[in-house]
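# Make a model of this:
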Amino acid sequence: MARLLIVDDDTNTLASLARAFRLAGHEATVADSAPRALELVKSQTFDLMLSDVVMPGTDGLSLLEELRNAGIALPVVMISGQANIEMAVRATRLGAFDFLEKPLSTDKLLLTVDNVLKLKRLEEENRELRQRVGKYEIVHAGEAMKRVMAQVDRVAASETRVCILGETGTGKELIARALHERSARRGNPFVTLNCAAVPAELIESELFGHEKGSFTGATARHLGRFEQANRGTLFLDEIGDMPLVMQAKLLRVLEEGQVERVGGDRPIAVNVRVIVATHRNLDELVSKGAFRQDLYHRIYVYPLLLPALRDRIGDLPALIQHFAAQISAQNGWRPKPFCPDAIEALQRYAWPGNVRELRNVVERLLLLAEGPVDAQAVQLALPGLSYTPSLGGAPRSQGTLAERAEAFEREVILTELKRHNQRMTDTAKALGLERSHLYKKCQALGIDLHALRKGPDG
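This is a model prediction of the structure:
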C-alpha cells in the first residue's frame, strides 16, 4: 500500500482516480489546487503525487518547481489533457517521473504508479546498501563470536523474539541487523530506537506516532517506529531503561499487533518482528519491580549473549585492521600499518568500552602516528594502559584455567578501583557491571574494600 496525493481542479477526475487507487489497495488523498497540495505535502508524508498540469492560478509545472525549490523529494507524475512536447520536456527537466495524457487508462496509470514505487524502493535500498558497506560488517575470528554467529544463523529465519544481552559497546545493534538481513524480512525496513535516549514524555510518540494537533508542537502527522518498520524489523535497544508505563503499552502492541497513534481514534495493524537488547540484568529489574514480568516473558524468548571484547582478544588484530581501513577510507587518509608491538600492547588493555572504544582508539592512533603505529603511539593514545592488570607483574602462568581467570579478574578489578579512587559507582560503570554485581565480585574474589579505602597507612 502506498500513500498517494492526487492534484486536479476537476472534482470528477479527483473522485474517479481516488476510487481507482483505493480499489487497488492504496491510500488516496485529494487536493483541488496547487496551493492546497503544497500545504498537504508540507504537513503529511506521501509516497507519490499525481498532478494535473493546467489548473487555475498556480499550474502543475509551477507546483513541481515549488516542490523542488523547497527541497521536497517527492516522486511526481504529471497528467494533462492539453499535452505537448514542450510541456513534457519542461516537466522532465523539473524532475517529473512520467508525463501521462488524458483520457487516462486505469491500467496504465496503476502500472506507472507501481513502477514509480518500485524505483523509489530500489533507490532507497541502494542508498542503504552504500551506507552499510563495511559499516555494519561483523568482524570475528575467534570461537566466542563464531558461536554467536552460529546462533544468529539458527534463529534469524524464524519469527522468534530475540533478546540480545551484553555490555555497552559489544555490537548489539550489529547483531540485530544481522538477524534482520538473514531473515525473510530483509527486503523491508530495519528501524531502531534507543529507549534510553528518548525522554519519557516522547517515547510513546516515537514508538506509536501521533496525529497533527494531538499535543503542543505536533504540527503534522508523525508515523511511529512500529509503522515505519511495518513488514520489517524493529530493534529496541536498552529495553531495560523503558519507563514502566510504556512497558504496559508495548506489551499490548506485542500481544495484539496493533498500534494507536497519540491523538488517534483507531487502531492500526502492524506486522513487525521486534528484537530487543540491553546491558542490564533483566532478572534483577523484574525482582525489583522495575521491569514488568509479563513483558519480560514476551521478549525473553531467545536470549543471545555477546562476549565482551576482553573475552575475545583473539579478534583484536582483525578488528584493528578492519577499523583502520574503514576510517582511512572515510577520511581520505593513507593507510598506516600496525606494528606487532602495538597490537600486543592493545591486547593487554581491559577495554571497558568494548568494540566501540576500540574503534575510537584506532582512529586516535591513526591521527597520532607519523608512520606505522607502534607501541609508543599506543601509550600516547591510551595513557591508561599502564593501569591494566599489572599489579602482580606478569599474568599468572600456573594453576587451572579457572584459577588463572580468577587471578586475572581480581587484578582487573583492583586496577580499576585504584584508577577511580575506590569509587564503586565509577568502577562498576568502567567495567560494565551493575554496582551490586561488583560488590558480589569483590566479595567472591577476596578483595577487602574496607582495607583498600583505609590505604597502607591505616
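
# which residues of the chain score low on pLDDT?
83, 124-136, 383-399, 403, 453-458 (pLDDT under 70).

# Would you agree L358 is in contact with L309?
Yes - using Cβ atoms under 8 Å, L358 is in contact with L309, at 6.3 Å. Quick note: C-beta positions are derived from backbone N, CA and C, even for glycine.

# Looking at those two, which is more packed in?
Neighbour count, other Cβ atoms under 10 Å: between L358 and L309, L309 has more, with 25 against 20.

# how far away is the more buried one from V373?
For L309, the distance to V373 (Cβ to Cβ, to the nearest Å) stands at 18 Å.

# all strands of the stretch 101-250 of the chain, in order?
Remark: strands assigned in the stretch 101-250 of the chain by DSSP state E, counting those that start in this stretch are 162-165, 190-194, 233-237.

# I'd like the ones you listed laid out as JSON lines, including distance to L119 and mean neighbour count.
Conversion of the strands of the stretch 101-250 of the chain to JSON lines gives the following (distance: least, Cβ to Cβ, whole Å; neighbours: other Cβ atoms under 10 Å):
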{"stretch": "strand 162-165", "distance to L119": "33", "mean neighbour count": "22"}
{"stretch": "strand 190-194", "distance to L119": "21", "mean neighbour count": "19"}
{"stretch": "strand 233-237", "distance to L119": "24", "mean neighbour count": "23"}
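
# can you give me the helices in the stretch 251-400 of the chain?
According to DSSP state H, counting those that start in this stretch, the stretch 251-400 of the chain carries its helices in the segments 282-288, 293-299, 316-331, 340-347, 354-368, 375-381.

# packing partners for the fourth one?
Which is helix 340-347. On a contact count with 3 or more Cβ pairs under 8 Å, 6 or more residues apart in numbering; DSSP states H and E, helix 340-347 meets helix 316-331, helix 354-368, helix 375-381.

# Include distance to C442 when you put those into a markdown table, please.
A markdown table is the format used below for the helices and strands packed on helix 340-347 (distance: least, Cβ to Cβ, whole Å):
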| stretch | distance to C442 |
| --- | --- |
| helix 316-331 | 28 |
| helix 354-368 | 22 |
| helix 375-381 | 29 |
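
# Between those helices, which one is closest to T278.
Evaluated with Cβ to Cβ, the helices and strands packed on helix 340-347 place helix 354-368 nearest to T278, the distance being 14.7 Å.

# Please name the nearest non-neighbouring residue to N194.
Using Cβ to Cβ, 6 or more residues apart in numbering and skipping the chain neighbours, the partner closest in space to N194 is D237 (4.5 Å).

# Next, the contact list for the one you found, please.
Contacts for D237 (Cβ atoms under 8 Å, 6 or more residues apart in numbering) come out as 172-173, 176, 192-196, 276-278.

# what's the answer for A430, then?
Neighbour list for A430: 352, 416, 419-420 [criterion: Cβ under 8 Å, 6+ apart].

# D448 and E434, how far apart?
For D448, the distance to E434 - Cβ to Cβ - is 21 Å.

# And those two? Which one has more around it.
Neighbour tally, D448 and E434, criterion other Cβ under 10 Å: the higher count belongs to E434, 16 against 10.

# Apart from its neighbours in sequence, what residue is nearest that one?
Leaving aside its chain neighbours, E434 sits nearest to N281 (6.0 Å; criterion: Cβ to Cβ, 6+ apart).

# Domain boundaries for this structure, per the record?
3-129, 144-307, 310-385, 401-454 (automatic domain parsing).

# is it possible to export those to CSV including distance to I138?
Formatted as CSV, the domains of the chain follow (distance: least, Cβ to Cβ, whole Å):
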stretch, distance to I138
domain 3-129, 16
domain 144-307, 5
domain 310-385, 10
domain 401-454, 20
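
# So for E137, which of these sits nearest?
Nearest to E137 among the domains of the chain is domain 310-385 (6.9 Å), distances taken as Cβ to Cβ.

# Report the distance from that closest one to the chain centre.
Between the centre of domain 310-385 and the centre of its chain there are 25 Å (Cα atoms, centre = their mean, to the nearest Å).

# Could you do stretch 96-116 as well?
Distance, stretch centre to chain centre, for stretch 96-116: 36 Å (Cα atoms, centre = their mean).

# Buried residues in that stretch, which are they?
Neighbour counts using 16 or more other Cβ atoms under 10 Å place 96-100, 104, 109, 112-113, 116 of stretch 96-116 among the buried residues.

# next one: stretch 28-47
By 16+ other Cβ under 10 Å, the buried positions in stretch 28-47 come out as 28-34, 37-38, 40-41, 46-47.

# Quote the end-to-end distance of it.
10 Å (Cα to Cα, to the nearest Å).

# now stretch 216-226
Separation of the first and last residues of stretch 216-226 by Cα to Cα is 22 Å.
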